[in-house]
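Asks: The sequence and its predicted three-dimensional model are supplied below.
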Amino acid sequence: MTGSPDRQRLYEDIVHRMGAALRAARMYASTHPNVAEHIKALHESLVRLHRAEAEVLIGFVGGEVIGDDTPLLRTSVVRAEITREMQALGINRIQFERGVTVDDVAALVRAIVQKSQALRAAEPAAEPVESDADFLVLPHLRAGRIPVDSSRGTWGSGAVPLQRVYSSSVDSARMLWESAQADGQPDLPTARETVENLAEAVGASHGMMIGLTGMKAHDDYTFTHMVNVSILTMAQARSLGVEGDQLRSVGLAGLLHDIGKVRTPLEILTKSSALTPHEFDVMKRHPVDGAAILRGTREMPPMAGIVAFEHHLRADGAGYPIGLSRPTLNLATVLCGIADVYDAMRSKRSYQEAFPTDRILEVMRRNDGRQFDQNLVRRFISLMGVFPPATIVRLSTGEVAVVVENDGPMPDRPTVQIVIDSAGARLAEPQTRRLWAEAEAEDPESGTAIVAALDPASYPIDPIGILAPAS
């Protein structure tokens with residue numbers, strides 16, 4: 001957190017008092033003195049922080065409670081309870097502005113408890129709340145879904161950087177994996193919340209989220225791969241006009257496409273060298289296992305099981321489960337398959353170096369029309385570009401730049417930010433260059449071009465830090 005420890009303690013105090021007020025309101029009538037006492041204490045905590053800040057923002061992201069822009073580490077006692085309740089109600093932030101009254105706070109507590117009780121009393125198969133609308137709007141208080149402010153690289157009013165949405169989603173993917181191992185099925189509310197956060201982030205700044213998919217840690221490959229495939233699948237779907245609940249369903253399918261691997265023996269799943277033919281045969285069981293797990297998960301959308309089963313099938317009859325073919329594959333299956341292959345090929349393993357992006361896309365072009373629908377492959381290449389956002393590149397001028405957007409008609413000529421000049425000096429302020437526009441204005445053969453993608457480990461550059469303000 002950018003502020004002092006005292007400031008963080010005030011945020012933590014607000015969350016604790018909110019939890020206490022909600023517990024009291026569930027136990028007693030709204031007019032009970034105990035409820036009024038807890039609401040008054042919550043309001044007093046807000047007033048203390050409002051002396052320094054005009055706005056207090058509490059967020060719920062990836063199982064964490066966020067105070068302004070930082071996870072509140074000391075709220076573990078009430079964190080799980082509050083995040084579950086907010087998730088069920090479709091709330092991912094509560095915003096208190098200076099001037100909020102005791103009556104406003106009481107209205108919030110009453111609304112949360114009433115809606116929670118209504119959900120619990122509903123039919124067992126009732127769907128969780130999925131709403132983009134505000135849950136509650138008062139003159140100095142708002143609760144509901146917060147949009148992503150991509151101009152600041154943050155999720156909402158300075159609340160959660162997109163990097164944290166990504167990292168929290170990876171943590172959530174780990175939780176989903178562990179719940180599937182322990183309970184035989186992934187935790188669906190956590191999966192829905194994760195996809196909702198990712199969908200909002202992709203909608204606001206797909207370039208930055210695509211860039212984040214390339215910033216993976218080798219040790220977390222399984223979980224980053226789950227998140228990356230969800231992001232890349234939703235980015236493709238949005239480019240085709242898919243939005244709303246359908247987009248979330250596609251993202252959920254992408255997130256859980258490999259969940260069947262929880263039944264794959266660990267020695268095969270984590271093997272540091274290439275698999276033997278027998279081991280690969282064992283690995284190839286995971287689509288069937290995944291479909292079985294998801295079909296057995298209560299309230300899981302059918303699409304998730306279909307994609308888990310089909311994501312290794314190909315249009316030309318190749319792939320697996322072996323011996324199975326489909327005259328046509330589900331669109332979500334194809335989009336997930338493209339994302340899965342792309343992310344796996346560019347991921348560095350102990351037995352395999354990561355493929356350069358241009359080589360990956362060339363391989364996908366060669367499969368054009370055989371394993372994947374040619375139009376969808378071309379759209380994917382157009383979306384990603386030959387050099388995706390956050391790639392560090394060297395230009396034909398000798399300058400070093402970071403790719404920030406593939407917003408033009410030429411996949412190999414993105415918009416970049418120059419960070420190192422041709423003499424090797426770091427620029428005080430990055431300079432934006434639209435290589436595609438330069439090529440259109442000049443002879444494309446003589447315009448500035450990218451000559452190579454560079455190893456980020458060799459350059460003291462933070463691509464995401466440059467990408468965030470550029471977004």
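Replies: In hand now; what should we look at?

Asks: I'd like the average pLDDT over stretch 321-337.
Replies: Across stretch 321-337, the average pLDDT comes to 85.

Asks: show me the contacts for L10.
Replies: For L10, the contacting residues are 45, 48-49, by CB atoms under 8 Å, 6 or more residues apart in numbering. Every residue, glycine included, has its C-beta placed from N, CA and C.

Asks: Residue ranges in this protein under the pLDDT threshold?
Replies: Where the chain drops to pLDDT under 70, the residues are 1-5, 61-63, 68-80, 123-133, 146-161, 216-219, 348-353, 368-369, 442-446, 468-471.

Asks: What strands line up against the strand of greatest length in it, and which way round?
Replies: The residue-count maximum for a strand in the chain (DSSP state E) belongs to strand 426-434. In the sheet, strand 426-434 lines up against strand 415-420 (antiparallel) (DSSP bridges).

Asks: F135 in helix, strand or coil?
Replies: Secondary structure state of F135, per DSSP: H, G, I helix; E, B strand; the rest coil, is strand.

Asks: now the nearest residue to it once chain neighbours are set aside: how far from M86?
Replies: In space, and not counting its chain neighbours, F135 is closest to G144: 4.0 Å by CB to CB, 6 or more residues apart in numbering. Separation of G144 from M86 (CB to CB, to the nearest Å): 10 Å.

Asks: circling back: beta partners of the residue nearest to F135?
Replies: With DSSP bridges as the criterion, G144 is bridged to R93, D134.

Asks: OK, contacts around it?
Replies: Taking CB under 8 Å, 6+ apart, we find G144 in contact with 90-93, 131, 133-137.

Asks: State the pair within the residues you listed that is farthest apart.
Replies: Spatial extent of the contacts of G144 (CB to CB) is set by the pair N92 and V137 at 15.3 Å.

Asks: more neighbours, these two?
Replies: N92 (27 against 11; other CB atoms under 10 Å).

Asks: For the more buried one, which non-adjacent residue is closest in space?
Replies: In space, and not counting its chain neighbours, N92 is closest to F60: 5.1 Å by CB to CB, 6+ apart.

Asks: That neighbour contacts L89, doesn't it?
Replies: No - using CB atoms under 8 Å as the test, F60 is too far from L89 to be in contact (10.0 Å).

Asks: Strands along the stretch 351-471 of the chain, start to end?
Replies: For the stretch 351-471 of the chain, strands defined by DSSP state E, counting those that start in this stretch occupy the ranges 392-395, 400-405, 415-420, 426-434, 450-453.

Asks: what residues does the third one touch?
Replies: Spelled out, that is strand 415-420. Residues from elsewhere that reach strand 415-420 (CB under 8 Å, 6+ apart): 393, 395, 399-408, 426-427, 430-436, 450, 459, 461, 466, 470.

Asks: Is it possible to mark the buried ones in those residues?
Replies: Buried subset of those (neighbour count, 16 or more other CB atoms under 10 Å): 393, 395, 399-406, 408, 430, 433-436, 450, 461, 466, 470.

Asks: Quick one: residues in contact with the helix or strand encompassing L42.
Replies: Element membership of L42 [criterion: DSSP states H and E] is helix 33-50. Contact with helix 33-50 is made by 7, 10-11, 13-14, 17-18, 20-21, 24-25, 27-29, 56, 96, 98, 100-102, 105-106, 109, as judged by CB under 8 Å, 6+ apart.

Asks: in that helix, what counts as buried?
Replies: Buried residues in helix 33-50, counted by 16+ other CB under 10 Å: 35-36, 38-39, 41-43, 45-46, 49-50.

Asks: Mind putting these into TSV with distance to T328?
Replies: TSV is the format used below for the buried residues of helix 33-50 (distance: CB to CB, whole Å):
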residue	distance to T328
V35	58
A36	62
H38	57
I39	57
A41	60
L42	55
H43	58
S45	58
L46	56
L49	56
H50	58
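
Asks: Tell me the one among the residues you listed nearest to Q117.
Replies: The closest of the buried residues of helix 33-50, once distances to Q117 are taken by CB to CB, is V35, at 14.5 Å.
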